[in-house]
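S.K.: All I have is the shape, not the residue letters:
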């Protein structure tokens, strides 16, 4: 492996037998394979452990660690807990990049090589990803909605120096949004792309549907936006946009209701006033200037904070 291109994948998973083999095959075919793939089996009760053991026996860079069965799938904080169960077993300084990576994905062969090339071309790039697509019944691929100013949660590829500087992931829903805003606060850049085939990957399970279905997932996302500190005006516009994507109308409505229900209950929010001030200003800029221009302006303003 080329010097400066060592990366570690850390994969929290539970009961992924339906998708695991396809994900494993797509990773072992990578043109730049991981130096380490640590898979955290979070108490699977299906055939997942047997499938993982089969691949770990064939590929020396695959290691499996197992957590006790907590009795259910748990997204958000549960995923982050399982990720850190693995992260704490590696020395991140031995790698250039670390990636939180799900076990329900089908990646193009040059996926990680392409991400590394883009990291190498832009030293301020702290986290990046490709973009997910889902397979529809007629065999076509449809994009899942995600902003180009974020790395997606199922494949968060991080420069180790950036991951350490921002303090990693928070243990709550929206961990995969809070981290990207922290990147910008510290002068790093977060991005995702699908401009080349190597960065278009297949998400085998629709986004937000892994625990109690997609409707519950949209409400959970609404709570997550509330927790993060998103303003009511921004979430309303976001919900209207989401209502145009499957599940049509109901998805956006549940997103909005998840936020408002949390607000009415006065649930706790992310206790970082500096972060929430930064987020609100950025979201107002997005509403008035558009997300692309607002992100470019924020990245320009915070460039002086980047000291690597």
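M.R.: Looks like it came in fine. A quick note: this is a predicted structure, and the numbers were derived from the prediction, not measured.
S.K.: if I read this right, residue 262 contacts residue 228, doesn't it?
M.R.: No. Using CB atoms under 8 Å, residue 262 makes no contact with residue 228, being 10.9 Å away. For glycine as for every other residue, the C-beta is placed from the backbone atoms N, C-alpha and C.
S.K.: Please look at residue 14 and residue 44 and confirm they touch.
M.R.: Yes. Under the criterion of CB under 8 Å, residue 14 makes contact with residue 44 at 5.3 Å.
S.K.: hang on, isn't residue 201 packed against residue 132?
M.R.: Yes. Counting by CB under 8 Å, residue 201 does reach residue 132; the two are 6.1 Å apart.
S.K.: what's the overlap in contacts for the two?
M.R.: 105, 155 (CB atoms under 8 Å, 6 or more residues apart in numbering).
S.K.: who has more neighbours, the two?
M.R.: residue 132 (27 against 24; other CB atoms under 10 Å).
S.K.: Any idea how far the helix or strand that one falls within is from the middle of the chain?
M.R.: Residue 132 is part of strand 131-135, with elements assigned from DSSP states H and E. Distance, stretch centre to chain centre, for strand 131-135: 14 Å (CA atoms, centre = their mean, to the nearest Å).
S.K.: what about the residue nearest to residue 82 when sequence neighbours are not counted, which SS state?
M.R.: Of all residues not flanking residue 82 in the chain, residue 12 sits nearest, at 3.3 Å (CB to CB, 6 or more residues apart in numbering). For residue 12, the assignment made with DSSP: H, G, I helix; E, B strand; the rest coil gives strand.
S.K.: what pairs with residue 12 across the strands?
M.R.: residue 40 (DSSP bridges).
S.K.: Could you measure from it over to residue 156?
M.R.: 12 Å (CB to CB, to the nearest Å).
S.K.: Next, show the common contact partners of the two.
M.R.: residue 100.
S.K.: Phi, psi for the spatially most central residue of the chain please.
M.R.: When CA atoms, centre = their mean is applied to the chain, the residue found nearest the centroid is residue 153 (1.1 Å). Phi and psi for residue 153, reported as degrees, to the nearest 10, are phi -60, psi -30.
S.K.: Which residue, neighbours along the chain excluded, lies closest to it?
M.R.: Residue 153 sits nearest to residue 176 (CB to CB, 6+ apart), 3.3 Å away.
S.K.: swap in residue 55?
M.R.: residue 24 (4.9 Å).
S.K.: helices or strands next to whichever strand or helix holds the one you found in the packing?
M.R.: Secondary structure assigned from DSSP H and E places residue 24 in helix 17-28. Other elements packing on helix 17-28 under the criterion 3 or more CB pairs under 8 Å, 6 or more residues apart in numbering; DSSP states H and E are helix 48-58, strand 105-106.
S.K.: how about 10 Å then?
M.R.: For helix 17-28, the packing partners by 3 or more CB pairs under 10 Å, 6 or more residues apart in numbering; DSSP states H and E come out as strand 7-13, strand 36-41, helix 48-58, strand 62-66, strand 105-106, helix 111-121, strand 200-203.
S.K.: what about it, distance to the chain center?
M.R.: That offset, for helix 17-28, works out to 18 Å (CA atoms, centre = their mean).
S.K.: same deal with stretch 129-149?
M.R.: Counting by CA atoms, centre = their mean, stretch 129-149 comes out at 14 Å from the chain centroid.
S.K.: Helices of the chain, residue ranges please.
M.R.: Applying DSSP state H to the chain gives helices spanning 17-28, 48-58, 77-87, 111-121, 160-165, 175-185, 213-228, 232-242, 250-264, 273-289, 291-301.
S.K.: Please identify the most buried of those.
M.R.: Among the helices of the chain, helix 175-185 has the highest mean neighbour count (mean count of other CB atoms under 10 Å), at a mean of 23.
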